[in-house]
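Q: Build me a model from this:
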Amino acid sequence: MTGARPWAVVTGASSGIGAWLARGLAARGHPVWVVARRGDALDELAAELTDRTGVDVRVSVRDLADPVARDALCEELAAEPVAVLCANAGFPVCGPVTDNDAAREAACVEVNAVALHALTLAVLPGMTARGRGRILVSGSTAGYQPVPTAATYAATKAFANTFAESLHAELRGTGVSCTLLAPGPVRTDFYRVGGVPGLTDQKLLAWQSPQYVAEAGLRAMERGRRLSVPGPVAKAQYVVGRHLPRTVLAATLRGTILPRLRGARAPRTAEPSARAR
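A: Below is the predicted model:
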């Protein structure tokens, strides 16, 4: 590290929201540490960021579902000055739980919940000791509601949402903040990875761009806000998920979202090569 500023770490940086978070942080002058499974995509992003902004970029190729790789990354983060953590890595598993691959379901929990928790705990002691730091957690409006045919994903995002909002209150007065980014539908490879590539054809969902969502999250993080829900559809999902009675909500989701998820599913194949939000 040649720059004087501590690292801004982005997990799930190989594409989608994560790549745009890295671009936004680099444009703000932060040295950026990008983490994901796909080394080729990270190398391309690192070259782009260096050419465009001149910031230092560090690349870590890690599968956060692997406890050994995750623990090694946590040790590295704990030993470095980290100013920003964007805990963005995550992926969905779509389909009935009884039909899905059990290992894939478990990996979803490891990446979306366990890794988020472990990486946050790795950087928090240094941040609080310095009296400054920013954490941005990529949750989802799906975490505020039960989602049939994406049960495990919705449950992991419920953990992410609650953890981030609780941490925000807990850190008050420390100089460190935690912001929850809870987007709705975003047009990325996320749904292809989740096995529902046809979902992005559904115009009813009013898709946001990953650049828009990432920038909204970064602005909220910089201001130390508790929550960012970008776009009117996401805000409507947030309100409905928080306040509609569960019996009504479950019936509504079964009648609207479940058929779309089923219709968008691709035939089961080998595990996709990307795991990025």
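
Q: what number of residues lie near Leu244?
A: By the criterion of other CB atoms under 10 Å, Leu244 has 15 neighbours. C-beta: built from backbone N, CA, C; applies to glycine.

Q: so what's it up against?
A: Thr252 (CB atoms under 8 Å, 6 or more residues apart in numbering).

Q: Output the below-cut-off pLDDT ranges for the stretch 1-150 of the chain.
A: Residue ranges of the stretch 1-150 of the chain with pLDDT under 70: 1-4.

Q: Go again with 90.
A: Applying pLDDT under 90 to the stretch 1-150 of the chain flags residues 1-5, 94-96, 145-150.

Q: Which residue, other than its chain neighbours, is closest to Phe159?
A: Ala113 (4.6 Å; CB to CB, 6 or more residues apart in numbering).

Q: got a pLDDT number for Ala266?
A: Per-residue pLDDT puts Ala266 at 55.

Q: picking that back up, the residue nearest to Phe159: what secondary structure?
A: Three-state assignment for Ala113 (DSSP: H, G, I helix; E, B strand; the rest coil): helix.

Q: Next, count neighbours for it.
A: Other residues lying near Ala113 total 19 when counted by other CB under 10 Å.

Q: now Ala169
A: 9.

Q: ditto for the one 3 residues further on
A: The burial count assigned to Arg172 is 10, neighbours taken as other CB under 10 Å.

Q: do Arg254 as well
A: For Arg254, using other CB under 10 Å, the count is 13.

Q: Centre-most residue in the chain?
A: A centroid search over the chain (CA atoms, centre = their mean) returns Asn88, at 2.8 Å, as the residue closest to the centre.

Q: Let me see the contact set for that residue.
A: Counting by CB under 8 Å, 6+ apart, Asn88 makes contact with 10-13, 17-18, 21, 136, 138, 277.

Q: Could you do Asn112 as well?
A: By CB under 8 Å, 6+ apart, the residues touching Asn112 are 89-91, 153, 156-157, 159-160.

Q: returning to what we had before: look up how far Phe163 lies from the residue nearest to the centre of the chain.
A: 14 Å (CB to CB, to the nearest Å).

Q: Just the buried positions in the helix or strand containing Leu116, please.
A: Take DSSP states H and E as the rule and Leu116 turns out to sit in helix 116-130. Neighbour counts over helix 116-130 (16 or more other CB atoms under 10 Å) mark 116, 118-120, 122-124, 126-127 as buried.

Q: which one is Pro183 nearest to, not counting chain neighbours?
A: If the residues on either side of it in the chain are set aside, Pro183 comes closest to Val213, at 4.7 Å by CB to CB, 6+ apart.

Q: residues near that neighbour, how many?
A: Neighbour tally, Val213, other CB under 10 Å: 29.

Q: what does Val109 give?
A: Other residues near Val109 come to 17 when the count uses other CB under 10 Å.

Q: Surely it is in a helix?
A: Yes. According to three-state DSSP, Val109 belongs to a helix.

Q: separation between the residue nearest to Phe159 and Tyr153?
A: Distance, Ala113 to Tyr153, by CB to CB: 10 Å.

Q: element containing Asp43, please.
A: Taking DSSP H and E as the criterion, Asp43 maps to helix 39-53.

Q: what's that helix packed up against?
A: Applying 3 or more CB pairs under 8 Å, 6 or more residues apart in numbering; DSSP states H and E, one finds that helix 39-53 contacts helix 16-27, strand 32-36, strand 57-61.

Q: what inclination does that helix have with respect to helix 16-27?
A: 30 degrees (axes from the mean of the first three to the mean of the last three CA atoms, to 10 degrees).

Q: what's in contact with helix 39-53?
A: Here helix 39-53 makes contact (CB under 8 Å, 6+ apart) with 13-15, 19, 22-23, 26-27, 29, 32, 34-36, 55-57, 59-61, 274, 276.

Q: now swap in stretch 121-133 and tell me
A: Under the criterion CB under 8 Å, 6+ apart, residues 9, 73-75, 77-78, 81-85, 135, 171, 174-177 lie in contact with stretch 121-133.

Q: try it again with 7 Å
A: 74, 77-78, 81-83, 85, 174-176 (CB atoms under 7 Å, 6 or more residues apart in numbering).

Q: Brilliant, that's me finished.
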